[in-house]
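A.B. asks: I would like to see how this sequence folds:
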Amino acid sequence: MKRNIAIVAGGDSSEIVISLKSAEGIFSFLDKDKYNVYIAIIKRDEWAVKLPGGEHTPIDKNDFSFRENGEVRHFDFAYITIHGAPGEDGRLQGYFDMIGMPYSSCGMFVSALTFNKFACNHYLKGFGVDIACSIHLFKGQTVTDEEGSSFGVTKVKEASAIQPAIAKAFSEGREVVIESFIDGTEVTCGCYKTADKEVVFPLTEVVTDNEFFDFDAKYNGQVQEITPARVSAELTEKVQRETSRIYDILGAKGLIRVDYIIPAGGEPKLLEVNTTPGMTATSFIPQQVRAAGLEMKDVMTDIIENEFN
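C.D. replies: Below is the predicted model of the structure:
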């Protein structure tokens, strides 16, 4: 009997558009001979399953079931592809844990930890992972221009620009990370593990004419993504080893993607860990899967079936 799979998309952030695109990508990747696949939309004011005809039917939050053709249907597995709250910060993972629903991503604690870049990076620093220098501010806190002149979420080139950059960042949320700028080659590496295998993908090099890899670079095509990355075999192996080690330190699950910056003549430094990577046809993970000579269909099957082995 086929398993019923929910691709859980939506969310409450501005990245909902990307989440829905990732859901379409995952839908195309999943093996329809093995699975009945539905897209479940989770928003603050709507929990619904998109039926084959395009209409939405409500989800019963007691058990994540829904009705189709007058019959109650239950899901066997949830593939979470919400970027931001509540799918990337541990809330949805906690809900699925409570109702006993297997799901694709890291658990509640690891999702919450990795969603906080500052907390995650400093946690990993305790295990010897090399990170950039950074400061964490809550709303109402600030730094002097002298303290912040070489830092910035917005890329800051002179002291007078630090306060406007902080104000801009606080317009997006209550917490801000100010991080030292490191000039170098940005790379990203995907990884997943099951009970019987470990797969670490080739690196992707990220090249943009923008000041840094911002929203426009990510989602509006203002970037070159080169897979495999144009770095030495030695550096490639170092990044892949560190990615695998970070996966184990965190006790990660499913697919993760780890971003690094490699300074000229230096060692890779961690930028961030992404436990809900984008999954459109042109996202980093599908690129890396193709470069590794693998099929997305098989990767998705590995992740799902690992929950039942």
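A.B. asks: which residues are contacting the longest helix that the chain contains?
C.D. replies: Assignment by DSSP state H gives helix 233-250 as the longest helix of the chain. Residues from elsewhere that reach helix 233-250, judged by C-beta atoms under 8 Å, 6 or more residues apart in numbering: 106, 110, 113-114, 124, 127, 129, 187, 189-191, 193, 198, 200, 202-203, 228-229, 231, 252, 256, 258, 260, 262, 267-268, 270, 273. C-beta coordinates here come from the backbone N, C-alpha and C atoms, glycine included.
A.B. asks: Now, of those residues, which are buried?
C.D. replies: Among these, those scoring as buried are 106, 110, 113-114, 124, 129, 187, 189-191, 193, 200, 202-203, 228-229, 231, 252, 256, 258, 260, 262, 268, 270, 273 (criterion: 16 or more other C-beta atoms under 10 Å).
A.B. asks: Which members of those are positioned in helices?
C.D. replies: Among those, the ones falling in helices (DSSP H) are V110, L113, T114, L124.
A.B. asks: which residues does the closest residue to R73 other than its chain neighbours contact?
C.D. replies: Using C-beta to C-beta, 6 or more residues apart in numbering and skipping the chain neighbours, the partner closest in space to R73 is F66 (5.8 Å). Contact partners of F66, counting by C-beta under 8 Å, 6+ apart, are Y38, A48, V49, T57, P58, I59, D60, V72, R73.
A.B. asks: Repeat the analysis, applying 10 Å as the threshold.
C.D. replies: Taking C-beta atoms under 10 Å, 6 or more residues apart in numbering, we find F66 in contact with 4, 6, 38, 40, 47-49, 51, 56-60, 72-75.
A.B. asks: and it, that's in a helix?
C.D. replies: No: secondary structure assignment (DSSP: H, G, I helix; E, B strand; the rest coil) places F66 in strand, not in a helix.
A.B. asks: number of nearby residues for Y38?
C.D. replies: Neighbourhood size, Y38 [other C-beta atoms under 10 Å]: 20.
A.B. asks: Would you confirm that it contacts F64?
C.D. replies: No: Y38 lies out of contact with F64 (C-beta atoms under 10 Å); the separation is 11.1 Å.
A.B. asks: Now the common contact residues for these two.
C.D. replies: Joint contacts of Y38 and F64 (C-beta under 10 Å, 6+ apart) are A6, V8, V49, F75.
A.B. asks: which residue lies farthest from the center of the protein?
C.D. replies: Distance from the centre of the chain peaks at G70, with 36.1 Å (C-alpha atoms, centre = their mean).
A.B. asks: Could you check the pLDDT of that residue?
C.D. replies: pLDDT for G70: 95.
A.B. asks: quick one, helices of this protein?
C.D. replies: Assigned by DSSP H, the chain shows helices spanning 16-29, 91-99, 108-115, 117-125, 145-148, 162-170, 215-219, 233-250, 284-291, 296-306.
A.B. asks: thinking T276 is in contact with G254, fair?
C.D. replies: Yes: the criterion here is C-beta under 10 Å, and T276 meets it with G254 at 8.8 Å.
A.B. asks: thinking again about what came up before, where among the helices of the chain is the average confidence lowest?
C.D. replies: helix 145-148 (a mean of 40).
A.B. asks: Kindly report the domain assignment for the protein.
C.D. replies: Domain assignment of the chain by automatic domain parsing yields the ranges 3-104, 112-131+183-306, 134-179.
A.B. asks: Who are the contact partners of the nearest residue to L294 once chain neighbours are set aside?
C.D. replies: Once flanking residues are discounted, L294 sits nearest to V199: 7.6 Å by C-beta to C-beta, 6+ apart. By C-beta under 10 Å, 6+ apart, the contact list for V199 reads G190, C191, Y192, K193, S244, L255, Q288, V289, A292, L294, V299, D302.
A.B. asks: Look up which residues are beta-bridged to V199.
C.D. replies: Applying DSSP bridges to V199 gives these bridge partners: Y192.
A.B. asks: picking that back up, any idea how far I42 is from the residue nearest to R73?
C.D. replies: Note on F66: its distance to I42, by C-beta to C-beta, to the nearest Å, is 12 Å.
A.B. asks: list the residues that contact both of those two?
C.D. replies: A6, A48, I59.
A.B. asks: So which of these sit within strands?
C.D. replies: Taking DSSP state E as the definition of strands, the shared contacts of F66 and I42 contribute A6, A48, I59.
A.B. asks: I'd like to know which of those is nearest to S180.
C.D. replies: Nearest to S180, judged by C-beta to C-beta, of the ones in strands among the shared contacts of F66 and I42 is A6 at 41.0 Å.
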